[in-house]
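*Asks:* I would like to see how this sequence folds:
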Amino acid sequence: MKKTLGTAVAVVVVSALLVLSIVFGETALSAEQSGTLKILLIVCGCSVAYCFIVGELAQNFSQMDKLWSILPIAYAWIIAIRNGCDLRTLVYALIVTVWGVRLTINFARKGAYRLKFWTGEEDYRWSIVRQNPIFRHKLAWTLFDLFFISLYQNALVLAITLPALACMGSNAPFGVWDILGAALAVGFLVLETVADEYQWKFHKTKKALLKDGGAPDTLQRPYDLGFNTTGPWSRMRHPNYLGEQGIWLSLYLLAVGAGAAHMGVFHWTMAGPLLLVLLFMGSSKLGESISSKKYPRYRDYIAQVYKYLPLKQFDPDKN
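*Replies:* Residues are numbered from 1 along each chain as shown. Below you'll find the predicted structure:
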């Protein structure tokens with residue numbers, strides 16, 4: 001009950017901030033910003049068409065997953081270059097580049113990329129989502145692929161990088177807000193990197209143990225649980241998600257530092273990072289639903305450990 005209430009409160013707060021960012025945020029664009037946004041929209045539109053057409057032809061619906069970590073790099077550098085690579089947009093682009101390269105490598109080692117670019121490992125969640133009775137008719141899934149997987153996710157990836165667009169043309173010196181935003185973004189990047197490494201090593205080791213003939217329930221602790229509880233995962237259910245959301249929310253502070261935010265807080269480009277938070281609320285709920293069905297002890301994990309707050313440590317011997 002408490003967890004459901006907490007999720008509801010989080011949705012209300014994020015939604016309220018989203019509305020405030022749109023209603024009270026500065027929306028006027030300079031000629032340079034408008035021209036840059038047109039270029040970004042063209043790139044985004046081409047990606048939408050690619051993801052939908054290739055995904056439908058190959059019946060592999062992870063085309064956008066492959067581009068998720070690549071497109072923000074392109075968007076950030078287009079903005080930085082068109083802004084003369086000033087310090088603020090340059091710092092933004094460099095952090096996004098490190099984030100994107102790391103995430104691309106992490107996805108690549110899971111088998112996502114192939115020389116035949118339309119192939120590769122599809123995100124396991126899409127096959128589970130397709131089993132929903134809503135998608136028993138192919139047209140329903142095709143529409144979902146078009147509007148959510150291809151269109152909405154591409155639009156969201158563009159939106160999370162738009163705080164850099166708000167920084168264009170600013171004469172404000174690189175100051176406290178910029179340093180704070182960059183430092184927080186780097187910190188969250190480190191958290192996400194560490195979390196992904198623990199996740200990768202856990203499942204790699206578990207797979208090797210199972211390959212050697214061990215039954216899942218006979219493996220040594222913690223591998224007998226089936227899900228990862230090592231490193232930051234022992235204290236948070238989704239440390240990687242926290243890192244991902246934190247990076248983009250932190251980078252928004254550079255728009256505040258640029259003086260673009262109305263009332264010192266709100267700018268319409270805040271909408272991108274906030275929509276990302278809402279997406280991860282749904283994604284974490286789906287992932288936990290799948291894990292609860294797959295692993296008997298996962299509900300104990302949910303009961304003991306917070307989603308993002310590292311206040312409790314999981315005790316597998318406690319029921």
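*Asks:* contacting residues for S291?
*Replies:* Residues near S291 by CB atoms under 8 Å, 6 or more residues apart in numbering: F227, Y298. To be clear about C-beta, it is placed using only N, CA and C from the backbone, and glycine gets the same treatment.
*Asks:* what comes up buried for the lengthiest helix in the chain?
*Replies:* Secondary structure of the chain per DSSP state H: the longest helix is helix 176-211. If you call a residue buried by 16 or more other CB atoms under 10 Å, then helix 176-211 has these buried ones: 177-178, 181-182, 184-185, 188-189, 191-193, 195-196, 198-199, 202, 206, 209.
*Asks:* which strands and helices sit next to it?
*Replies:* Applying 3 or more CB pairs under 8 Å, 6 or more residues apart in numbering; DSSP states H and E, one finds that helix 176-211 contacts helix 87-108, helix 239-251, helix 253-257.
*Asks:* just want the angle from it to helix 87-108.
*Replies:* Interaxial angle, helix 176-211 versus helix 87-108 (axes from the mean of the first three to the mean of the last three CA atoms, to 10 degrees): 10 degrees.
*Asks:* tilt between helix 176-211 and helix 239-251?
*Replies:* Orientation check (the same axes, to 10 degrees): helix 176-211 against helix 239-251 gives 160 degrees.
*Asks:* what residue ranges in the stretch 101-250 of the chain score low on pLDDT?
*Replies:* Along the stretch 101-250 of the chain, segments meeting pLDDT under 70 span 214.
*Asks:* what's the neighbour count on V12?
*Replies:* 10 (other CB atoms under 10 Å).
*Asks:* that one belongs to a helix?
*Replies:* Yes: looking at V12 with DSSP: H, G, I helix; E, B strand; the rest coil, it is inside a helix.
*Asks:* do you know how far it is from L309?
*Replies:* According to CB to CB, to the nearest Å, V12 stands 18 Å off from L309.
*Asks:* same question for W248.
*Replies:* Distance of W248 to L309, computed by CB to CB: 19 Å.
*Asks:* the two: who's more crowded?
*Replies:* W248 (23 against 12).
*Asks:* dump the residue contacts of the nearest residue to the more buried one once chain neighbours are set aside.
*Replies:* The shortest distance from W248 to any non-neighbouring residue, by CB to CB, 6 or more residues apart in numbering, is to P273 (4.3 Å). Listed by CB under 8 Å, 6+ apart, the contact set of P273 reads I160, P163, Q245, W248, L249, L251, Y252.
*Asks:* quick one, strands of this protein?
*Replies:* Using DSSP state E, no strands are found in the chain.
*Asks:* what residues go with each domain of it?
*Replies:* The record's domain split for the chain, according to automatic domain parsing, is 1-28+214-319, 31-168.
*Asks:* got the end-to-end distance for the longest one?
*Replies:* Looking back up the chat, that one is domain 31-168. End-to-end distance of domain 31-168 (CA to CA, to the nearest Å): 11 Å.
*Asks:* how about the residue nearest the centre of the chain, nearest residue that isn't a chain neighbour?
*Replies:* By CA atoms, centre = their mean, the chain has its centre lying nearest to E244, at 5.1 Å. Nearest residue to E244 in three dimensions, chain neighbours excluded: E192, at 5.8 Å (CB to CB, 6+ apart).
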